[in-house]
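> Curious how this folds, go ahead:
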Amino acid sequence: MPRSVNVVASRRRRKKILKQTKGNFLARRNVYTVARETLEKGWLHAYVGRKLKKREFRALWIQRINAAVRAEGMNYSEFMGKVKAKNIGLNRKVLADLAMNHPAAFAEVVKMVR
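Have a look, this model is predicted:
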């Protein structure tokens with residue numbers, strides 16, 4: 001009896017990989033083994049990127065707060081220490097948004113902290 005191979009399932013599995021590598025260059029899009037390696041590396045970079053994004057945004061918020069607070073005559077570490085001491089429930093993301101888009105409101109927060 002001849003060997004039975006499930007061609008339907010194999011083709012479906014390969015097509016799924018090749019469909020996800022659409023837009024890649026040359027063999028990275030249409031040679032299954034190369035495409036699979038490309039896709040797996042892409043998934044790895046995406047996973048790492050999701051972690052890096054959080055780090056980079058926190059650093060950006062800190063820089064924005066620091067710049068705005070220095071204009072008010074304080075530095076970042078003093079300001080954040082006093083924010084925590086006064087139990088002001090604003091996180092860095094909100095403070096950075098206030099500093100960028102609503103400078104008057106941010107100045108009020110700095111005044112409350114002093």
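> Please enumerate the helices of the protein.
7-20, 27-30, 32-71, 76-85, 92-101, 103-113 (DSSP state H).
> Other residues contacting the fifth one?
Helix 92-101 is contacted by residues 57-58, 60-62, 64-65, 67-69, 83, 90, 105-106, 109 when judged by C-beta atoms under 8 Å, 6 or more residues apart in numbering. Glycine gets a C-beta too; all of them are placed from N, C-alpha and C.
> what separates that helix from the chain centre, distance-wise?
Counting by C-alpha atoms, centre = their mean, to the nearest Å, helix 92-101 is centred 18 Å from the centre of its parent chain.
> residues of that helix that come out buried?
Arg92, Leu95, Ala96, Asp97, Leu98, Ala99 (16 or more other C-beta atoms under 10 Å).
> that older thread, show me the one of the helices of the chain that comes nearest Met1.
Ranking the helices of the chain by their distance to Met1 (criterion: C-beta to C-beta) puts helix 7-20 first, at 16.7 Å.
> quick one: contacts of the closest one?
So helix 7-20 is contacted by Arg29, Asn30, Tyr32, Ala35, Arg36, Leu39 (C-beta under 8 Å, 6+ apart).
> hmm, 10 Å instead?
With C-beta atoms under 10 Å, 6 or more residues apart in numbering as the contact definition, helix 7-20 has outside contacts at 6, 24, 29-33, 35-36, 38-40, 42-43.
> Lys15: how many residues sit nearby?
Lys15 has 11 neighbouring residues, counting by other C-beta atoms under 10 Å.
> again, but for the one 4 residues further on
Each residue near Lys19 was counted by other C-beta under 10 Å, and the total is 10.
> ok, now Phe79?
Around Phe79 there are 21 residues (other C-beta under 10 Å).
> swap in Ala35?
When neighbours are defined as other C-beta under 10 Å, Ala35 has 21 of them.
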